[in-house]
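1. okay, sequence plus prediction incoming.
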Amino acid sequence: MTAAAAASTPQYRASPRRRVFHRAVVIGSVAAAAGLAAASVFSAHSVALLSGSSDRPRQNDARQDAPRDGSAAEIAAYVSGSMAVAPPFAGPPALPSVRVEDNDDRLKRGHYGGAGDAAHLGGFTELDEDGIALELWRDMLGHYGIKTLMDLGCGRGVSTAWFLLQGVDARCAEGSHDAVERNMFGEVGIGGQEDRVTEHDFSRGPWWPTGPTCDAVWAVEFLEHVGRNYHRNYFPVLKKAALVFATHSKWGGWHHVEVHDEHWWRNRLEGHGLVFSEELSSRARESQRVGHIKRSMMVFLNPSVLSLPAHSHLFAEPGCFDLKNRPKVDCGVHPRAIKETKLPDEYFPIKFVQEGEDRWCTFINAARKKIVEEEKAKFAAAGKEWDKKKVFLRQYSSFLCHSQ
């Protein structure tokens, strides 16, 4: 075409609307091509991640390079790294307390136990009724559905014994050799189960139980006894449980080196992946009229363990509606819900056994009577009038064991 012809040919100009349409088509084509390329890359990377062949680091897995064989290397990797997840199946060996001579002025313990223990150990009493919580313990069976439990800082095993007598797979850890030697399992008819007690001094190194995760940790009158420089030695015990029930002291006592308010402890434990439950903590506190539980019980959820299939039975409230203003009932079991589907047996909680609690109460009442008699003898020997207010027993203790 000649220049003259071209000049004489009318030029085509698209309308504004058509130009917008063309531009959208071009942009859409480019975006689609980019999307296909991204999807291809994403799919390849996803397959690589699932197959374990990706050469890109998984940024959210702080322990991706840690050995997983239950070895000392795996234990060391966990202790020195993030504790956001549950500890390995196999724990480090227990390190019992080192015995000392009771000739140190710091070891004038008064009513506290711990003969032959180092100054930072002991602190338990013959019978600490502030830590007894029968109503809460029954709730832990029925409402929470707890079947496995670790009693951390268990003293003579008073709390542990109650759970064992109810059929809970309970174990306890204690640093005081004196307390371990005076374990009271045999006094309530469950002797021969002393292998459930682990003596470990957390100032000597980390420890957690070898075995599967458990439903709950009971840590009453424990947190304040261990300095924060040793927290990473016992935090794995908390992290191996789906639920944590723990109190904290608000005043002094034998080797109370971490006395803080609730917010300090919540920040400390939530920083390690536990989740404080206001509702469950209030429910627990309301179960006791006076004592450690009433004053400071904190209940934490541990999502990394609570979400495991082994703990699907927790929170065992029945699921079928009965009548207005009445508690729910078990589906497929209760006469008015017999047509509904019944849960598998493993989802039902352990039933409370009154006989087991009666045996436990026999010990509690006998221990209390012994303490009162010993204190009366001390007053008499000193020529003083008996004053029950000076005895380390709560006046409400007679209401603890109604069956006796």
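-> Good, I have the coordinates. Numbers count the residues shown, from 1 in each chain.

2. how far does stretch 178-197 sit from its chain's centre?
-> For stretch 178-197, the separation from the chain centroid amounts to 23 Å (computed by CA atoms, centre = their mean, to the nearest Å).

3. end to end, how far does stretch 185-194 reach?
-> 7 Å (CA to CA, to the nearest Å).

4. what's the answer for stretch 331-339, then?
-> 8 Å.

5. and that stretch, what's buried?
-> The neighbour-count check on stretch 331-339 (16 or more other CB atoms under 10 Å) flags C331, A337 as buried. All C-beta atoms are positioned from the backbone trio N, CA, C, and that covers glycine.

6. show me what contacts Y230?
-> Going by CB atoms under 8 Å, 6 or more residues apart in numbering, Y230 touches F202, S203.

7. what's the burial count for R289?
-> 11 (other CB atoms under 10 Å).

8. roughly how far apart are it and R295?
-> R289 sits 11 Å away from R295, going by CB to CB, to the nearest Å.

9. buried stuff in stretch 205-214?
-> P206, W207, W208, P209, T213, C214.

10. which stretches of the stretch 1-150 of the chain have low pLDDT?
-> Counting by pLDDT under 70, the stretch 1-150 of the chain contains low-confidence ranges at 1-70, 102-114, 121-122, 124-125.

11. same question, the stretch 151-300 of the chain
-> 255.

12. closest one of the buried residues of stretch 205-214 to L149?
-> C214 (6.2 Å; CB to CB).

13. what sits closest to the closest one if chain neighbours are left out?
-> Spatial nearest neighbour of C214, excluding adjacent residues (CB to CB, 6 or more residues apart in numbering): T148 at 4.1 Å.

14. likewise for G167?
-> I350 (5.1 Å).

15. what segments of this protein are strands?
-> Assigned by DSSP state E, the strands in the chain fall at 148-152, 169-174, 197-199, 214-219, 241-246, 275-276, 298-301.

16. tabulate these (TSV), appending distance to P335.
-> Output for the strands of the chain, formatted as TSV (distance: least, CB to CB, whole Å):
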stretch	distance to P335
strand 148-152	32
strand 169-174	32
strand 197-199	44
strand 214-219	30
strand 241-246	32
strand 275-276	38
strand 298-301	34
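
17. out of the ones you listed, flag the one nearest E340.
-> strand 214-219 (25.9 Å).

18. how about the contacts made by the residue nearest the centre of the chain?
-> For the chain, the residue nearest the mean C-alpha position is V244 (2.5 Å; CA atoms, centre = their mean). By CB under 8 Å, 6+ apart, the contact set of V244 is A216, V217, A219, L238, L269, L274, M298, V299, F300, N302.

19. which residues of the stretch 51-200 of the chain fall in helices?
-> 72-80, 134-142, 158-165, 177-181 (DSSP state H, counting those that start in this stretch).

20. what angle separates the second one from strand 148-152?
-> By that I understand helix 134-142. 140 degrees (axes from the mean of the first three to the mean of the last three CA atoms, to 10 degrees).

21. by contact count, what packs against helix 134-142?
-> Counting contacts by 3 or more CB pairs under 8 Å, 6 or more residues apart in numbering; DSSP states H and E, helix 134-142 is packed against helix 158-165, helix 278-285.

22. of those, flag the one that's most buried.
-> Neighbour counts (mean count of other CB atoms under 10 Å) averaged over each of the helices and strands packed on helix 134-142 peak at helix 158-165, with a mean of 25.

23. tell me the angle of that one relative to strand 148-152?
-> For helix 158-165 against strand 148-152, the angle by the same axes, to 10 degrees is 170 degrees.

24. now helix 158-165 - C-alpha only, PDB.
-> These are the backbone C-alpha positions of helix 158-165, laid out as PDB (Å, rounded to 0.1, in the frame of the first residue of the first chain):
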ATOM      1  CA  VAL A 158      -1.900 -38.200  99.600                       C
ATOM      2  CA  SER A 159      -3.500 -36.900  96.500                       C
ATOM      3  CA  THR A 160      -2.100 -39.700  94.300                       C
ATOM      4  CA  ALA A 161      -3.500 -42.300  96.600                       C
ATOM      5  CA  TRP A 162      -7.100 -40.900  96.200                       C
ATOM      6  CA  PHE A 163      -6.900 -41.100  92.400                       C
ATOM      7  CA  LEU A 164      -5.400 -44.600  92.500                       C
ATOM      8  CA  LEU A 165      -8.200 -45.800  94.800                       C
END
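
25. just how off-centre is it within its chain?
-> That offset, for helix 158-165, works out to 17 Å (CA atoms, centre = their mean).

26. what's in contact with it?
-> Helix 158-165 is contacted by residues 127-128, 131-132, 134, 137, 149, 151, 154, 170-172, 184-185, 188, 190, 193, 196-197, 218, 220, 353, 356-357, 359-360, 363-364 when judged by CB under 8 Å, 6+ apart.

27. in PyMOL, how would I select just the buried ones from those?
-> Buried subset of these, written as a PyMOL selection, criterion 16+ other CB under 10 Å:
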select buried, resi 127+128+131+132+134+137+149+151+154+170+171+172+184+185+188+190+193+196+197+218+220+356+357+359+360+363+364
